[in-house]
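Asks: could you look at this predicted model? Sequence included:
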Amino acid sequence: MTAKSPLPFETMVFVCTHQRAPGERTACANAGREGQEIVERLRKMVLDKGLAGKVRICKSGCMDRCEEGPNVVVTRANGQTDYFSNASLKNIKNICEVFVKDS
Ligand code: FES
């Protein structure tokens, strides 16, 4: 039986890193998209800002919004959740600002 528990971190960030074979529907971590690189960059940002233990960057599976990806969900212990689409290494500073502001 599962037990409902509070979020284990102040903020949890879920980045879609789903991949598909060439010729299939596009995916957030396919060639030319940056799902995996976004995870790595956000993890570095968390470490650089001293937020390890408060902010957790997680890989996620497909959110069924593949064409607008890479997609990122930021959810916080206070219940607030934000969804970011079309994420890239060039614009993830906006995502980082959300969890830095709240921590
Ligand atoms: S592959 Fe990322 S939302 Fe579907």
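Replies: Now that the structure is in, tell me what you want to look at. These figures come from a predicted structure and were not determined experimentally. Numbers count the residues shown, from 1 in each chain.

Asks: only C-alpha atoms for contact and neighbour calcs from this point on.
Replies: OK.

Asks: R43 belongs to a helix, doesn't it?
Replies: Yes - under DSSP: H, G, I helix; E, B strand; the rest coil, R43 falls within a helix.

Asks: least trustworthy helix or strand in this structure by mean pLDDT?
Replies: helix 93-102 (a mean of 82; mean pLDDT, DSSP states H and E).

Asks: centre of the chain to that one, how far?
Replies: Averaging C-alpha positions (C-alpha atoms, centre = their mean, to the nearest Å) puts helix 93-102 12 Å from its chain's average.

Asks: so for stretch 23-39, mean pLDDT?
Replies: Averaged over stretch 23-39, pLDDT sits at 96.

Asks: for the residue minimising distance to the centre of the chain, give me its contacts.
Replies: When the chain is reduced to its mean C-alpha position, the nearest residue by C-alpha atoms, centre = their mean turns out to be V15, at 2.8 Å. V15 makes contact with 35, 38-39, 57-60, 70-73, according to C-alpha atoms under 8 Å, 6 or more residues apart in numbering.

Asks: which parts of the protein sit against the ligand?
Replies: With C-alpha under 6 Å from any ligand atom as the criterion, the chain meets the ligand at residues 16, 18, 27-28, 62-66, 69-71.

Asks: what ranges does this structure have for its strands?
Replies: Remark: strands assigned in the chain by DSSP state E are 11-16, 55-60, 72-76, 81-84.

Asks: work out the gap between the shortest one and the centre of the chain.
Replies: Relative to the centre of its chain, strand 81-84 is centred 9 Å away, using C-alpha atoms, centre = their mean.

Asks: that one pairs with which strands, and in what direction?
Replies: strand 72-76 (antiparallel) (DSSP bridges).

Asks: contacts for the strand it pairs with next, please.
Replies: With C-alpha under 8 Å, 6+ apart as the criterion, strand 72-76 contacts 7, 9-16, 81-85, 87, 95, 99.
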